[in-house]
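Chemist: what would the 3D arrangement of this be:
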Amino acid sequence: MNITNQLIMLSILAQSANAAVLGWNEGQIVGLRTNDTVGFVLDGEPASNVDKDGDGVIDDGQTGFYSSINVDSEDSASLDLSGDDFDWALRFQMYDADGVFGFTENFDDSVQVSVTPILSNSDLGSRGDAGPTHTDADSASSWNTRTFGNYDFSNSVGGGWFDVTVELDEKGGGAQSAGGIGFGFFNGTSTFDTDFQGIGYASANGQATFDADPTSGASFGVFTKDNPDNEGPPDPTPGGGFIANWNEGKLIGLRTNDTVGFVLDGEPASNVDNDRDGVIDDGQTGFYSSINVDSENSASLDLSGDDFDWALRFQMYDADGVFGFTENFDDSVQINVTPILNYSNLTSRGDAGPTHTDADSASSWNTRTFGNYDFSDSVGGGWFDVTVELDEKGGGAQSAGGIGFGFFNGNSTIDTDFQGIGYESANGQAAFDNDPVSGARFGVFTISEGFDNSGIVINSVTREVVNGSVSVTITWNSREGQIYTIFASEDLALGDLTLWEELDDGKQAALGADVTSFTESGLPLDTKTRFYIVRISE
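Modeler: This next block holds a predicted model:
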């Protein structure tokens with residue numbers, strides 16, 4: 001893996017100031033040793049990933065963080081293999097582009113591997129059926145039998161993120177490999193032990209390389225959470241930050257009453273929920289599951305009365321960036337579309353599309369319009385932030401004929417191509433594309449403000465050779481005028497930020513800028529790994 005991929009892989013560390021101990025931990029696994037287990041069975045306790053207070057220590061007081069699964073020999077092992085009658089429970093998450101990969105083991109005594117496809121490295125919710133559990137339940141007479149656990153998800157969920165648990169059980173006579181690599185990974189399927197390499201360390205066969213998630217840059221690590229019942233992003237931590245929640249299939253809407261004239265003059269819908277109680281803090285914006293304005297009687301929004309404005313907002317994934325909306329709402333409509341980084345980061349990734357406005361007057365309230373968007377030649381497909389404003393000025397609010405507001409996964413000026421958003425219209429219900437990384441399609445992102453450092457995401461890393469040395473430029477989303485500190489290290493294990501090298505504590509975002517860049521120059525040509533953290537200066 002070249003330096004560019006490695007730097008991108010660790011860019012997600014920008015989300016916290018303590019090397020992302022709560023949340024995603026690149027290059028780490030969690031492990032728990034259970035002593036005094038009985039017989040040739042896999043009976044240890046599972047490793048926990050719960051860290052409620054975000055202090056970097058798993059709450060059970062026993063599960064720890066490890067950087068490799070080296071069980072080749074007892075003397076060099078990364079896990080404690082001393083003694084007899086114990087069980088090691090390990091857990092990590094990995095990205096695999098095609099969903100075809102395998103593990104091998106020759107551990108004395110028993111091994112079990114379980115693999116489940118998950119939504120992302122920050123959402124361990126399942127996205128499909130687990131693979132077959134691979135079990136080598138050695139007996140006293142078969143402790144030195146090598147086995148292979150090969151997985152192929154290409155015909156089911158395909159590539160993406162996978163949650164992996166491994167259990168190693170020892171019943172006496174020494175615990176290590178019975179020959180060759182003790183536990184290894186191969187980015188494909190094989191029954192040749194030399195194809196498999198060490199996870200997190202250089203085995204005799206080399207060190208395993210995992211694929212990189214093209215969206216987050218992450219490839220292999222472990223996700224820790226602050227809520228045992230929540231597989232998604234963690235809650236805020238002291239000094240933490242911009243905490244987000246994804247609400248699949250939802251949108252937010254705010255009705256402003258007593259608006260004046262044929263203008264779009266309502267208040268925008270808010271997405272701020274600081275106390276994370278599921279209620280938007282302004283006390284007026286609400287959550288809705290559809291945009292049905294076909295008739296006043298069946299509408300999903302309150303269309304009663306006159307002189308009001310509905311402000312709506314949602315995010316959607318579109319694979320090729322070509323899509324459209326139609327409206328025949330009485331009276332005015334405005335649509336804005338901005339390409340964003342992903343469903344949990346609303347930072348712009350390019351120029352917004354043209355604002356589509358149907359500013360109906362008293363004589364043109366029943367004119368259907370189409371807002372078609374084509375980002376294929378600019379930012380391409382991906383995530384988009386959409387705001388819609390519906391304005392009513394008297395005489396009833398609903399469609400003037402046909403679908404009132406609809407979506408089409410392409411461009412068209414034929415109203416029957418457009419379907420209902422979140423409901424079954426006369427033309428059917430709209431289907432949004434599926435983000436292959438997160439599994440999300442359409443919904444709304446809510447945030448909690450008032451913290452300091454999260455919400456910063458390093459979204460690009462570039463490397464170049466200048467005058468015989470390496471220069472690396474990192475770019476992150478920023479707020480104008482804000483001052484940032486940049487840290488670097490060649491060792492991710494340095495979880496204490498005071499041990500990292502402080503490159504700059506006064507990098508100020510320019511006025512009007514929503515991204516900021518920093519360049520580190522003069523690195524040796526043989527630099528293979530470099531990790532960066534960006535935080536708001538204290």
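Chemist: can you list the weak-confidence ranges in the stretch 301-450 of the chain?
Modeler: Under the criterion of pLDDT under 70, the regions of the stretch 301-450 of the chain flagged as low confidence span 359-365, 395-397, 399, 437-439, 448-450.
Chemist: helices of this protein, start to end?
Modeler: Shown for the chain, the helices assigned by DSSP state H span residues 3-9.
Chemist: domain ranges for it, per the record?
Modeler: 18-223, 243-448, 458-536 (automatic domain parsing).
Chemist: in JSON lines, list the ones you listed along with mean neighbour count.
Modeler: C-beta coordinates here come from the backbone N, C-alpha and C atoms, glycine included. Shown next, in JSON lines, are those (neighbours: other C-beta atoms under 10 Å):
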{"stretch": "domain 18-223", "mean neighbour count": "19"}
{"stretch": "domain 243-448", "mean neighbour count": "19"}
{"stretch": "domain 458-536", "mean neighbour count": "15"}
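Chemist: identify the residues contacting Arg91.
Modeler: Under the criterion of C-beta atoms under 8 Å, 6 or more residues apart in numbering, the neighbours of Arg91 are Ile29, Val30, Gly31, Pro46, Ala47, Asn49, Asp163, Val164, Thr165, Val166, Val222.
Chemist: swap in Ser190?
Modeler: Taking C-beta under 8 Å, 6+ apart as the criterion, Ser190 is in contact with Gly102, Phe148, Asn150, Phe196.
Chemist: change it to 7 Å
Modeler: With contacts defined as C-beta atoms under 7 Å, 6 or more residues apart in numbering, Ser190 is in contact with Gly102.
Chemist: still on that earlier bit, ok, so of the contacts of Arg91, who is nearest Val388?
Modeler: For the contacts of Arg91, the closest approach to Val388 (C-beta to C-beta) belongs to Asp163, at 36.8 Å.
Chemist: shouldn't that closest one be in contact with Ile118?
Modeler: Yes - with contact taken as C-beta atoms under 7 Å, Asp163 and Ile118 are classed as touching, separated by 4.8 Å.
Chemist: okay but Ser517 is in contact with Thr473, surely?
Modeler: Yes - applying C-beta under 7 Å as the test, Ser517 and Thr473 come out as touching, 5.6 Å apart.
Chemist: quick one: pLDDT of Thr209?
Modeler: Per-residue confidence at Thr209 stands at 92 (pLDDT).
Chemist: from Arg479, how far off is it?
Modeler: The spacing between Thr209 and Arg479, counted by C-beta to C-beta, to the nearest Å, is 36 Å.
Chemist: can you check Gly217 too?
Modeler: As for Gly217, its distance to Arg479 is 22 Å (criterion: C-beta to C-beta).
Chemist: what's the answer for Gly200, then?
Modeler: Distance of Gly200 to Arg479, computed by C-beta to C-beta: 36 Å.
Chemist: can you check Thr369 too?
Modeler: Relative to Arg479, Thr369 is positioned 35 Å away (criterion: C-beta to C-beta).
Chemist: also Phe107?
Modeler: Applying C-beta to C-beta, the value for Phe107 to Arg479 is 50 Å.
Chemist: could you do Gly131 as well?
Modeler: Between Gly131 and Arg479 the computed distance is 43 Å (C-beta to C-beta).
Chemist: ok, now Ile421?
Modeler: Look at Ile421 and Arg479: by C-beta to C-beta, they are 31 Å apart.
Chemist: what about stretch 349-358, how long is it end to end?
Modeler: Between the opening and closing residues of stretch 349-358 we find a distance of 27 Å, counting by C-alpha to C-alpha, to the nearest Å.
Chemist: hmm, I was thinking of stretch 104-122
Modeler: 27 Å.
Chemist: off-centre distance for that stretch?
Modeler: Between the centre of stretch 104-122 and the centre of its chain there are 22 Å (C-alpha atoms, centre = their mean, to the nearest Å).
Chemist: also stretch 25-36?
Modeler: Remark: stretch 25-36 is offset 23 Å from the chain centroid, using C-alpha atoms, centre = their mean.
Chemist: can you list contacts of it?
Modeler: Everything outside stretch 25-36 that qualifies as a contact, by C-beta under 7 Å, 6+ apart, is 9-10, 12, 44-45, 47, 49, 58, 62-67, 69, 79-80, 85-92, 200, 218, 220-222, 224, 492.
Chemist: run the last query once more with 6 Å
Modeler: Applying C-beta atoms under 6 Å, 6 or more residues apart in numbering, the contact partners of stretch 25-36 are 10, 44-45, 47, 49, 62-67, 85-92, 218, 221-222, 492.
Chemist: low-confidence stretches in the stretch 1-150 of the chain?
Modeler: Using pLDDT under 70, the flagged stretches of the stretch 1-150 of the chain are 1-22, 38-44, 53-56, 136-143.
Chemist: how about the strands in it?
Modeler: Under the criterion DSSP state E, counting those that start in this stretch, the stretch 1-150 of the chain contains strands at 24-26, 29-35, 64-66, 86-96, 100-105, 110-120, 123-126, 134-136, 147-152.
Chemist: show me what the third one is packed up against.
Modeler: In this case it means strand 64-66. In terms of contact count using 3 or more C-beta pairs under 6 Å, 6 or more residues apart in numbering; DSSP states H and E, strand 64-66 is assigned the packing partners strand 29-35.
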